[in-house]
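Participant: next come a sequence and a model predicted from it.
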Amino acid sequence: MRAAKHIFKDGTHDADVKRGEHGAMMVDKRGVFCVPAFPLEEPHDPTGAGDSFAGGFMGYLAGCGDKSDASLRRAMVYAPCWAVFAVEQFGLDRLRHLKRTEIHARARHFLKLTQFRL
């Protein structure tokens, strides 16, 4: 968090921190939003997981055309889904045959895994 706050001095408004198997967090001046890593029983190839995370995050924002706090948080949910798709098979094979319905289904499943009531 200290590093992210230091970055804000340069005029950056928010920072996304990938934490590998520990998930990711988004830090902005209002606070922190964390998501866990998507659980996967058998990862086959971790190469490209971080890039896929970043691509999923940016792709979601580009697709919705909005940088509101709610959209940034939704992008943080979609991003680990992309990372898991990338490691399910070797190379780009899984991403080449990925369908939009699979992406949305994975994000809904991720939401169920992380949602609870107090």
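Facilitator: Great, that's in hand.

Participant: list the contacts for residue 53?
Facilitator: Residues near residue 53 by CB atoms under 8 Å, 6 or more residues apart in numbering: 18, 24, 79-80, 82-83. Where C-beta positions appear, they are placed from N, C-alpha and C, glycine not excepted.

Participant: could I get those as a markdown table with neighbour count, secondary structure and distance to residue 105?
Facilitator: Listed next are the contacts of residue 53 as a markdown table, based on neighbours: other CB atoms under 10 Å; DSSP: H, G, I helix; E, B strand; the rest coil; distance: CB to CB, whole Å:
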| residue | neighbour count | secondary structure | distance to residue 105 |
| --- | --- | --- | --- |
| 18 | 18 | strand | 23 |
| 24 | 21 | strand | 21 |
| 79 | 26 | helix | 16 |
| 80 | 26 | helix | 14 |
| 82 | 25 | helix | 13 |
| 83 | 26 | helix | 16 |
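
Participant: lowest pLDDT pick from those residues?
Facilitator: Among the contacts of residue 53, residue 18 has the lowest pLDDT, at 74.

Participant: assign residue 37 to helix, strand or coil.
Facilitator: coil (DSSP: H, G, I helix; E, B strand; the rest coil).

Participant: quick one, phi psi at it?
Facilitator: Phi and psi for residue 37, reported as degrees, to the nearest 10, are phi -70, psi 150.

Participant: what's the burial count for the closest residue to it other than its chain neighbours?
Facilitator: The spatially closest residue to residue 37, leaving aside those adjacent along the chain, is residue 23, at 4.6 Å (CB to CB, 6 or more residues apart in numbering). Residues near residue 23, counting by other CB atoms under 10 Å, number 16.

Participant: got the contact list for residue 23?
Facilitator: Residue 23 makes contact with 34-37, 80, according to CB under 8 Å, 6+ apart.

Participant: isn't there a helix covering residue 3?
Facilitator: Yes: applying three-state DSSP, one finds residue 3 inside a helix.
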